[in-house]
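Undergrad: What follows is a predicted structure for the sequence shown.
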Amino acid sequence: MTTTKKIVIGAMAMLALAACSNEEVIVDNRTGDTINFSPITGKSLSRAFDGYCNLSMPDELTMSAAFFNGSTTTPYFFNETYTKSAGSGYASSGIVRYWPNLSDGSQSITFYGAVNATPSWKQTAGGEPDYTGMVVNAHSVTTDVAQQRDFPYAVQKATVRPADGVQSINFRHALSQIEFAGLNENPNIHVEICGVKVVNVFSKGDFAFPATTTDDNVVDHN
């Protein structure tokens, strides 16, 4: 399967191809502070018509987490809504989740975030959920530019619990906006552009989250 991550939008859009399942399993391993998030996203990165930046963050995040106990990865929580709270933090609007025990150095928790999309766990070759990654299946972008919505995503692996329980997480833009501009340097010539057409692109597809954290990837994954 391919894992191209860039989506081109304008009149049409394209996404990457990957497989997924929609299993939900929740485990409880609470030992400490409540899990909250402090997301950021790059203003200079490419974005769709309704893009987000640090000065204009979304009201909600869809968050999932997987726990690695040193040998096995299991789901910790799945597609739960975190809403903007005081300051720049986001807190759970449903079940309160707590940090697991990460004290022995071999354990970790990986967070997956999305906005305007509904991820699911990857699948193994046998069709079982694979909790080491997530995908968004059959995501589409409308051809109506005014109705297009940005699709930020994030992956963050934590090996220690933050002192205040608030995990910083860096969102990247899965969508790329295309803008066309004409330049006429001759003042004696009047030029009118009647239209621009983009062809041979897909409007729907699957998106695979990167295997590494989005903090470690400065650009979108190709």
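TA: All right, it came through fine.
Undergrad: Mind jotting down where the strands sit in the protein?
TA: For the chain, the strands defined by DSSP state E cover 7-9, 36-41, 60-68, 73-84, 90-92, 108-114, 120-123, 129-140, 152-158, 166-173, 175-177, 204-208.
Undergrad: Export these to TSV and append columns for mean neighbour count.
TA: The C-beta positions use only the backbone N, C-alpha and C, and glycine is treated the same way. Listed next are these as TSV, based on neighbours: other Cβ atoms under 10 Å:
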stretch	mean neighbour count
strand 7-9	23
strand 36-41	20
strand 60-68	21
strand 73-84	18
strand 90-92	19
strand 108-114	22
strand 120-123	20
strand 129-140	19
strand 152-158	22
strand 166-173	21
strand 175-177	19
strand 204-208	20
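Undergrad: So for Ala146, which of those strands sits nearest?
TA: Closest to Ala146 of these, according to Cβ to Cβ: strand 7-9, at 12.3 Å.
Undergrad: average pLDDT for the closest one?
TA: In this model, strand 7-9 has a mean pLDDT of 38.
Undergrad: For the residue sitting nearest the centre point of the chain, list each beta-bridge partner.
TA: Nearest to the geometric centre of the chain sits Tyr153, at 1.1 Å (Cα atoms, centre = their mean). When bridges are called by DSSP bridges, Tyr153 pairs up with Ala114, Arg172.
Undergrad: residues contacting it?
TA: For Tyr153, the contacting residues are Tyr112, Gly113, Ala114, Val115, Ala117, Val136, Phe171, Arg172, Ala174, Phe207, Phe209, Thr214, by Cβ atoms under 8 Å, 6 or more residues apart in numbering.
Undergrad: Would you format those as a markdown table with distance to Ala158 included?
TA: Output for those, formatted as a markdown table (distance: Cβ to Cβ, whole Å):
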| residue | distance to Ala158 |
| --- | --- |
| Tyr112 | 12 |
| Gly113 | 13 |
| Ala114 | 18 |
| Val115 | 20 |
| Ala117 | 22 |
| Val136 | 22 |
| Phe171 | 16 |
| Arg172 | 18 |
| Ala174 | 22 |
| Phe207 | 23 |
| Phe209 | 16 |
| Thr214 | 13 |
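Undergrad: export those residues to CSV and tack on pLDDT and distance to Ser103?
TA: Listed next are those as CSV, based on pLDDT from 0 to 100; distance: Cβ to Cβ, whole Å:
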residue, pLDDT, distance to Ser103
Tyr112, 98, 23
Gly113, 96, 25
Ala114, 95, 30
Val115, 93, 32
Ala117, 93, 34
Val136, 95, 33
Phe171, 90, 28
Arg172, 89, 30
Ala174, 86, 35
Phe207, 93, 34
Phe209, 96, 27
Thr214, 90, 26
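Undergrad: The strands of the chain: lowest mean pLDDT?
TA: Mean pLDDT is lowest for strand 7-9 among the strands of the chain, at a mean of 38.
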